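*Asks:* can you look at this prediction? I've put the sequence above it.
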Amino acid sequence: MNKIKDKLIFFFFLLSGLIVVMLLAGIFYLLGSTSIHAFKEISLKQFFFSDNWNPNAYGEPSYGIVSMIVSTFMVTIGSLVIAVPLGIGTAAYLSDIASEKVREIVKPVIEILAAIPSVVIGFLGIVLIGPIVAKIFHIQSGLNAVNGSILLAVMALPTIISLSEDALTAVPNTYTEASLALGATKWQTLVKVKIPAALSGILASCMLGMGRAVGETMTVLMATGCAPAMPHSFLDSVRTLTSSIAIELGEVAYFSTHYYALFAVGLVLFIITFIINLASDIILHNYQKVYN
Amino acid sequence: MKYRDISQAIGFLFLKACLAIVLFFLVLIIWDISSKGIGTINWAFLTQMPKNGMTEGGIFPAIVGTFFVSIITGVFSIPLGICCAIYLNEYSKNNWFTRLIRMSIRNLAGVPSIVYGLFGVVLFVQMLKMGTSILSAGCTLGIMTLPVIITASEEALKNVPRSYREGSLALGATKWQAIRTNVLPYSIPGMLTGTILGLARAAGETAPILFTGAAFFIPFLPKSLFSQFMALPYHLYIMSTQHHSIIKVRPIAYATALVLIVLVFSMNLIAVLLRYKLRKVKKG
């Protein structure tokens, strides 16, 4: 009797695991099956190679996502340019210079940064950072790619710092000691021994930060201006994949071509983040192997 | 001074500057919002409906909406998340199915929030005919929160020593009896910590609820789980970008932002204190 009951309970828990797998598969399936309808009317060539996104144009609506992809990668790369050096520097400070006490205080403080909702960061982009950007570059509106990059950097920092610090701390002490014993300074040891040894972990952390930046919606929606055109410089307003969905899905009729096209944009976004996360996973996995 | 000493001094200065800049960002964010938001907040602001086309009055319905939606999020994600964690830590063997579950969890954690919104529109709003409602939005946020809850719960289960399970099994208990009496009670505080952190994130999310139930303005409180609702993060978005007189309502937007971060921070603080207390108990 007890054995049957135990078996049933086992299946119950197995089922909950199965549900989680099915959720991911379900997201992929529903995105795919919904967006497939878009391509009945939109050619793949137009969708992936045209930079003209104008679904409401009279007569001939146009659905090209190139400008959105360019915009997405512009703010992502911009944010990485800011966040990667800052993040690695902070992580190195925490792992190599900070005393135990400082670390105990600073680490939770940085976690606070991660807890701030993205809509609040976006709001600050409008009221605080945007005007500063406008002033520095002498432009009318600060709602552009630079603004978005700065805000996304702030959001990616906690991920990069915490995972890079883990990677630096995981470097075996023998490496550091050997280097110091040979007469290297602490700085030389950090730059020439520890960072190269922890490189894959650091890289994985940057990839994860990148994944977050690509998928971030509210911040870029509020703080980058969202003009639906090809951006020519970082001072132009940009409209990413995420913000296009957020702006337009509320206004379209269900089951119209435009509606399906937005799901196709979502699918592209899903695939991009999937690949980035998978890559960071593989890097992290290989690096764990090295030390075990 | 030798060259290498100088290079070290400069290098360390750079690292310190990095930390200083990161902390500066944080202080700037919190300072700006608290100093400009605090003036508008009073009891009436927290307990009144918005008035005059949302240019005056309070944010009460947004607070209520966020509260209800968080409850649905919890009801959806906590049982499922904990069961999945129990499976992974107590039952699973190292096989392809376990690896598949783990891969799914990692990927769910990386799915952009707006994609959860799209998924919610198709599954909950349309296929399951729940409409744009508290229920749809809560379930959408629930799926988004699952990875956080599973990871934290599994961590909590891992921290229960093996000997607890073995002692129980040796006395003739079945596996489930051992888990129920000797594992779960000791892991509940840890699970609670992770759950609170997950719900705090969900409470601050906007993108998943944009199309699954959040409303611009509703002059009354939600009547059932199938009503649309106002939510704090969505209200902040509206007040800072969509309102017809944005400059005039700026103080309300600042105050809403302050209420939102105070809410999220206090949930985080509770979780951290709980974790701290837990560590102490374990050591003692």
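*Replies:* Nice, thanks for sending it over.
*Asks:* strands of the chain, residue ranges please.
*Replies:* As the question left the chain open, I've gone with chain A. A:53-54, A:62-63 (DSSP state E).
*Asks:* not quite, I wanted chain B
*Replies:* Taking DSSP E as the criterion, chain B carries its strands at B:50-51, B:56-57.
*Asks:* so where is chain B shaky, pLDDT-wise?
*Replies:* For chain B, the stretches flagged by pLDDT under 70 are B:1, B:280-284.
*Asks:* how about the helices in it?
*Replies:* Secondary structure of chain B (DSSP state H): helices at B:3-37, B:43-47, B:60-86, B:96-110, B:113-120, B:134-158, B:162-170, B:175-178, B:184-204, B:232-237, B:250-283.
*Asks:* what does the stretch 101-250 of chain A give?
*Replies:* Using DSSP state H, counting those that start in this stretch, the helices of the stretch 101-250 of chain A run over A:118-124, A:130-137, A:145-169, A:173-181, A:186-189, A:195-197, A:199-215, A:218-223, A:241-248.
*Asks:* which of the ones you listed sits closest to chain B?
*Replies:* Nearest to chain B among the helices of the stretch 101-250 of chain A is helix A:199-215; the distance by C-beta to the nearest C-beta comes to 2.7 Å. Where C-beta positions appear, they are placed from N, C-alpha and C, glycine not excepted.
*Asks:* mind listing what's buried in that closest one?
*Replies:* By 16 or more other C-beta atoms under 10 Å in any protein chain shown, the buried positions in helix A:199-215 come out as A:200-215.
*Asks:* just these that are near chain B?
*Replies:* Contacts with chain B within the buried residues of helix A:199-215, counted by C-beta under 8 Å from any C-beta of the partner chain: A:208, A:211, A:214-215.
*Asks:* turn these into CSV, including distance to residue B:133.
*Replies:* What follows is these, written out as CSV (distance: C-beta to C-beta, whole Å):
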residue, distance to residue B:133
A:208, 33
A:211, 30
A:214, 30
A:215, 25
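*Asks:* any idea how far chain A is from residue B:116?
*Replies:* Between residue B:116 and chain A the computed distance is 8 Å (C-beta to the nearest C-beta, to the nearest Å).
*Asks:* that residue contacts residue B:210, doesn't it?
*Replies:* No: Residue B:116 is beyond contact range of residue B:210, at 10.5 Å (criterion: C-beta atoms under 8 Å).
*Asks:* residue contacts, residue 71?
*Replies:* You didn't pick a chain, so chain A it is. Listed by C-beta atoms under 8 Å, 6 or more residues apart in numbering or on different chains, the contact set of residue A:71 reads A:145, A:224, A:231, A:238-241.
*Asks:* oops, chain B please
*Replies:* When contacts are counted by C-beta under 8 Å, 6+ apart, residue B:71 touches residue B:138.
*Asks:* tell me which of the contacts of residue A:71 is nearest to chain B?
*Replies:* Using C-beta to the nearest C-beta, the contacts of residue A:71 come closest to chain B at residue A:241, 8.6 Å.
*Asks:* tell me how far the closest one lies from residue A:65.
*Replies:* The gap separating residue A:241 from residue A:65 is 7 Å, by C-beta to C-beta, to the nearest Å.
*Asks:* didn't residue A:220 look like it was pressed against residue A:149?
*Replies:* No: applying C-beta under 8 Å, one finds residue A:220 not in contact with residue A:149, separated by 9.6 Å.
*Asks:* so which of the two has more stuff around it?
*Replies:* Ranked by neighbour count (other C-beta atoms under 10 Å in any protein chain shown), residue A:220 and residue A:149 place residue A:220 first, with 33 against 27.
*Asks:* state the pLDDT value of that one.
*Replies:* Residue A:220 carries a pLDDT value of 93.
*Asks:* circling back: and the helices of the stretch 101-250 of chain A, which is most packed in?
*Replies:* Highest mean neighbour count of these: helix A:218-223, a mean of 30 (counted as mean count of other C-beta atoms under 10 Å in any protein chain shown).
*Asks:* and that one, how far out from the chain middle?
*Replies:* Taking C-alpha atoms, centre = their mean, to the nearest Å, the mean C-alpha location of helix A:218-223 is offset from the chain mean by 14 Å.
*Asks:* give the contact list for the most centrally placed residue in chain A.
*Replies:* Per C-alpha atoms, centre = their mean, the C-alpha nearest to the average position across chain A is that of residue A:212, at 1.9 Å. By C-beta under 8 Å, 6+ apart, the residues touching residue A:212 are A:155-156, A:159.
*Asks:* turn the ones next to chain B among the buried residues of helix A:199-215 into TSV, including distance to residue A:41 and pLDDT.
*Replies:* Below are these laid out as TSV (distance: C-beta to C-beta, whole Å; pLDDT from 0 to 100):
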residue	distance to residue A:41	pLDDT
A:208	37	90
A:211	31	91
A:214	27	93
A:215	27	92
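*Asks:* pretty sure residue A:283 sits against residue A:206.
*Replies:* No: under the criterion of C-beta under 8 Å, residue A:283 is not in contact with residue A:206, lying 9.7 Å apart.
*Asks:* what does the stretch 51-200 of chain A put close to chain B?
*Replies:* Neighbours of chain B within the stretch 51-200 of chain A, by C-beta under 8 Å from any C-beta: A:85-90, A:92-94, A:96-97, A:106, A:108-113, A:115-124, A:126-128, A:154, A:157, A:161, A:185-188, A:190-191.
*Asks:* which ones are touching the spatially most central residue of chain B?
*Replies:* Chain B has residue B:201 as the residue nearest its centroid, 2.0 Å off, counting by C-alpha atoms, centre = their mean. Taking C-beta under 8 Å, 6+ apart, we find residue B:201 in contact with A:115, B:145, B:148, B:264.
*Asks:* which stretch among the strands of chain B comes nearest residue A:37?
*Replies:* Among the strands of chain B, the nearest to residue A:37 by C-beta to C-beta is strand B:50-51 (38.9 Å).
*Asks:* give me the helices and strands touching the closest one, please.
*Replies:* When contacts are defined as 3 or more C-beta pairs under 8 Å, 6 or more residues apart in numbering or on different chains; DSSP states H and E, strand B:50-51 sits against strand B:56-57.
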